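Chemist: Build me a model:
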Amino acid sequence: MVANDAEAGHAMNDRRCIVTRESRPAGELIRFVAAPDGRVVADLRGRLPGRGAWVTGRRALVERAVRQRAFSRALKVAVVADEDLADEVRRLLLSRALSALGLAARAGEVVTGFAKVEPAARRGRLALVFTALDAAADSRSKIARAIAAAPAAPAHRDAIFTGEQLSLALGRSNVVHAGVAAGRAAASLEAALARYEIYVEDGAADIRAA
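Modeler: Numbers count the residues shown, from 1 in each chain. Below is the predicted model of the structure:
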């Protein structure tokens, strides 16, 4: 009975993708709603009012939903899905990841600068390490070696953010290397990053264009 109840609970949280028609956990899909002006907007938190249309969280499927005019059918109202909707979703997911990094910094769980990140990574004290896209090759290789030598290697996001993006997210100047200690903030950040990376993995993950 317990197992059946658990399965029922999972099923209740599932949503059907309007493109693939497959049911998945809500966390694997993106909800879209009709804005007051009749345009389709992404509701990443799943909290906006009104009927929702769900699409599996991959860029290619959002693009298909736009091409096939699937939103009007799913929302049961005439709506406009802009051609750049998939790009807008990418930007929103990226923004959420950067915001999660900023929250980790405000929680005191982020260190920056090669002199702090390299030894912390080598000692296994970090859950996540970021090396900016525009970091020098020498410092990038040293961070990679430190991670390889760690007793518990952190997840390394090499060249996923630019130095400018890291600096803006952390409210600091000239950030090239950043590390996040294990904890709730790191887990939330990892989840946001994973959602972004899954979304863009069917194509080029060009964060620099954000």
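Chemist: For my notes, confirm residue 72 occurs in a strand.
Modeler: No - assessed with DSSP: H, G, I helix; E, B strand; the rest coil, residue 72 is helix; it does not lie in a strand.
Chemist: Could you pull out the buried residues of the longest strand belonging to the chain?
Modeler: Taking DSSP state E as the criterion, the chain has its longest strand at strand 29-34. Within strand 29-34, the residues that qualify as buried are 29-34, counting by 16 or more other C-beta atoms under 10 Å. To be clear about C-beta, it is placed using only N, CA and C from the backbone, and glycine gets the same treatment.
Chemist: Nearest to residue 181 among those?
Modeler: residue 30 (29.7 Å; C-beta to C-beta).
Chemist: Give the residue spans of this structure that score low on pLDDT.
Modeler: Applying pLDDT under 70 to the chain flags residues 1-12, 202-210.
Chemist: circling back to that earlier point, pull out the CA atoms of the next helix-or-strand element following the longest strand of the chain and give them to me as PDB.
Modeler: Later in the chain than strand 29-34, the nearest helix or strand by DSSP states H and E is strand 40-43. The C-alpha trace of strand 40-43 is given here as PDB (Å, rounded to 0.1, in the frame of the first residue of the first chain):
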ATOM      1  CA  VAL A  40       3.100  32.900 -24.500                       C
ATOM      2  CA  VAL A  41       5.500  33.300 -21.600                       C
ATOM      3  CA  ALA A  42       7.500  30.800 -19.600                       C
ATOM      4  CA  ASP A  43       6.500  30.200 -16.000                       C
END
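Chemist: Strand 40-43 - contacts with which helices or strands?
Modeler: strand 29-34, helix 85-106 (3 or more C-beta pairs under 8 Å, 6 or more residues apart in numbering; DSSP states H and E).
Chemist: And the contacts of stretch 185-196?
Modeler: Contacts of stretch 185-196 with the rest of the structure, by C-beta atoms under 8 Å, 6 or more residues apart in numbering, involve 57, 90, 93-94, 96-97, 99-101, 103-104, 107, 109, 127-128, 155, 157, 160, 180.
Chemist: Now, of those residues, which are buried?
Modeler: For the contacts of stretch 185-196, buried by 16+ other C-beta under 10 Å: 57, 90, 93-94, 96-97, 100-101, 103-104, 109, 127-128, 155, 157, 160, 180.
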